[in-house]
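Trainee: Need the 3D shape of this:
(2 chains)
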Amino acid sequence: MAHAYVPEIAVDREGNEHEVQGWQDDFYGGKLGFWLFMLTEVMMFGGMFLALAYYNTLHPQDYIEASASLNRFLGGTNTVILLVSALTMGLGLLKMRTGDVKGAKLMIWATIILALVFLGIKAVEWTAEYHHGIFLMHGQMLPESTMAFGKKLFFGMYFTMTGLHGFHIIIGIGLMLWLLKRINAGKVSTEHHILHFNIALYWDIVHLIWVFVFPYFYMIGAGDVAGGAHGH
Amino acid sequence: MVTNKIDYKIERATYYKVLVGLLLLTAVTFVQPYLFMTGSTFLAQMIIAVVKAWLIVMYYMHLKGEKLIGATVIFALFLVMVFFIIVIGIDVPNFQFGAESHITSQVVDHAANAAHEAH
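Mentor: From the prediction side, this is the model:
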C-alpha cells in the first residue's frame, strides 16, 4: 500500500513555516551506510579466516593434503563465473546510470543466471564430497573416524565458509530479483539508483570474499601433492 | 545527481580493463604453484588475492577518490590485521597447552599413550 509523502514542517522564531529537507535523495549517506554494513561482513568473514589460519598453524601438513584433495577445476570454474558476474553487475549499474534501463535489467538477469550456475557447480562439488564420506557430521568427518584431525578441521572450515558464502549468493539472488521488481515499479531509475548501486556493492563483496576463500582452500595444496582433477 | 555525470564508453572500458587484469591474475593463481615461489605457495596466493581485491575495491566498488569511506575501510582492515597479529603472530608461537587442547591432535596421542601405558 503506497503512502503519500507528508513533509515535516519546522517553524522558525518569526512563525514562518519551512519544509524540512528529506533524506530520500541522500546518495552519499546511503552509500556510506552500506559500506558500514559491508565492514561488518569483513569482520564476520575475518573472524572465520582467523580461525582457519589458527588451525592451519597447528596442522600445516594436514591442511596442504586436504587442500590438494579438493577439485580445483570446479573451484576455478566458479572463480571465473563469479568474476564475470561481477562484470555483468557492474555494467548493469553503468547502464542504469546512463539511462539504459532495459539494458540494466538484462545485465541483472545475466548476473542471476551466473549466480545460479555458481550454486549448481557448488552443489555438484558438495555432493561428490558427501559421497566420498566428507561432509559435516558424516563419514570421515565423525569424531571416531581415523582421518587426520587437521583435515577434519580443514574440511569443517571449508563447508562452513563456502556454505556461508553460498548463503550470501542466495541472498544476492533474492536482492537482485527484488531490485528488478523495484525497477519495474519505477522506484529505481536513472535519477534514483542508490538501491541498484548498493546491491552491486553487495555482489562485489560476495566476489571479494571468494577471492580469498578460493586460494586458501583450493590452492595452498597445489604443486606439493597430487590433486586437481583427481580430487573429490 | 553528481554520480550520473559519467561517460558510458570510458567507464565501460575501465570495467573491461579490470576484467582482463582479474582474469590474468586468476590464471597466475593457477600456474603459480608450478612456476614461481613454489616453496611458499600460501604467501604467493595471498599476495595475488590482495592485488585482485585491490582492483575490485578500487574500480568495481568505486572506492577510488572516496577519501572518507576509503579511510574507514583501511581502519577496519587494520583492526582485523591487529587481531591476526595477536593470535597468529604472538599467541600461536607461544601456545603452551597443546597437550590439553581440543584443537590439536596431541590430545588424541596423549590419550592413546596413556591407554598404552596402562596396559
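Trainee: number of nearby residues for B:Val82?
Mentor: Residues near B:Val82, counting by other Cβ atoms under 10 Å in any protein chain shown, number 10. Glycine gets a C-beta too; all of them are placed from N, C-alpha and C.
Trainee: Burial check on the nearest residue to A:Leu52 once chain neighbours are set aside, number of neighbours?
Mentor: Nearest residue to A:Leu52, sequence neighbours excluded (Cβ to Cβ, 6 or more residues apart in numbering or on different chains): A:Met157, at 4.8 Å. Look at A:Met157: counted by other Cβ under 10 Å, it has 22 neighbours.
Trainee: Is it correct that A:Met157 falls within a helix?
Mentor: Yes. A:Met157 sits within a helix when classified using DSSP: H, G, I helix; E, B strand; the rest coil.
Trainee: Pass me the low-pLDDT residue ranges in the chain, would you?
Mentor: As the question left the chain open, I've gone with chain A. Low-confidence segments of chain A (pLDDT under 70): A:1-3, A:22-24, A:224-232.
Trainee: that answer is for a different chain, and I need it for chain B
Mentor: In chain B, residues with pLDDT under 70: B:1-5, B:102, B:105-119.
Trainee: can you count the residues close to the residue in it that chain A sits nearest to?
Mentor: Closest to chain A within chain B is B:Pro33: 3.1 Å, counting by Cβ to the nearest Cβ. For B:Pro33, the neighbour count with other Cβ under 10 Å is 21.
Trainee: Could you find the closest non-adjacent residue to it?
Mentor: Closest residue in space to B:Pro33, ignoring its immediate chain neighbours: A:Gly223 at 3.1 Å, by Cβ to Cβ, 6+ apart.
Trainee: my guess is that neighbour contacts B:Met37, does it?
Mentor: No. Taking contacts as Cβ atoms under 8 Å, A:Gly223 lies outside contact range of B:Met37: 10.0 Å.
Trainee: Can you name the residues that contact the residue nearest in space to the middle of chain A?
Mentor: In chain A, the centroid-proximal residue (Cα atoms, centre = their mean) is A:Val206; its distance is 2.3 Å. By Cβ atoms under 8 Å, 6 or more residues apart in numbering or on different chains, A:Val206 lies in contact with A:Leu82, A:His165, A:His168, A:Ile169, A:Gly172.
Trainee: And for B:Tyr8?
Mentor: Contacts of B:Tyr8 (Cβ under 8 Å, 6+ apart): A:Leu94, A:Lys95, A:Thr98.
Trainee: ok, now A:Leu153?
Mentor: Contacts of A:Leu153 by Cβ under 8 Å, 6+ apart are A:Tyr55, A:His59, A:Asp62, B:Ile103.
Trainee: Identify the farthest-apart pair in these.
Mentor: Maximum pairwise distance in the contacts of A:Leu153, criterion Cβ to Cβ, is 12.0 Å, between A:Asp62 and B:Ile103.
Trainee: neighbour count winner among the two?
Mentor: A:Asp62 (20 against 17).
Trainee: List the contacts of that one.
Mentor: Counting by Cβ under 8 Å, 6+ apart, A:Asp62 touches A:Ala148, A:Phe149, A:Gly150, A:Lys151, A:Leu153, A:Phe154.
Trainee: secondary structure class for the fifth one?
Mentor: With three-state DSSP as the basis, A:Leu153 sits in helix.
Trainee: so how far is B:Lys64 from it?
Mentor: 39 Å (Cβ to Cβ, to the nearest Å).
Trainee: again, but for the second one
Mentor: The gap separating A:Phe149 from B:Lys64 is 45 Å, by Cβ to Cβ.
Trainee: now swap in the third one and tell me
Mentor: Spatial separation of A:Gly150 from B:Lys64 under the definition Cβ to Cβ is 41 Å.
Trainee: ok now do the residue of chain A found nearest chain B, which residues does it touch?
Mentor: Per Cβ to the nearest Cβ, A:Gly223 is where chain A lies closest to chain B, at 3.1 Å. By Cβ under 8 Å, 6+ apart, the residues touching A:Gly223 are B:Pro33, B:Tyr34, B:Thr38, B:Thr41.
Trainee: quick one: contacts for the second one?
Mentor: Under the criterion of Cβ under 8 Å, 6+ apart, the neighbours of B:Tyr34 are A:Ala222, A:Gly223.
Trainee: same deal with the first one?
Mentor: B:Pro33 sits next to A:Met219, A:Ala222, A:Gly223, A:Asp224, B:Thr41, B:Ala44 when contact means Cβ under 8 Å, 6+ apart.
Trainee: Just confirm the residue nearest to B:Pro33 is within a helix.
Mentor: No. Assigned with three-state DSSP, A:Gly223 falls outside any helix and is coil.
Trainee: Okay, it and A:Glu41: tell me how far apart.
Mentor: 31 Å.
Trainee: quick one, phi psi at A:Val11?
Mentor: Dihedral pair for A:Val11: phi -110, psi 130, per degrees, to the nearest 10.
Trainee: doesn't A:Val20 make contact with it?
Mentor: No. Applying Cβ under 8 Å as the test, A:Val11 and A:Val20 come out as separate, 10.7 Å apart.
Trainee: can you list the domain ranges for chain B.
Mentor: Domains of chain B are assigned by automatic domain parsing as B:1-64, B:67-119.
Trainee: Out of these, which is closest to A:Gly133?
Mentor: Of all the domains of chain B, domain B:67-119 sits nearest to A:Gly133, with 19.4 Å by Cβ to Cβ.
Trainee: Noted, bye for now.
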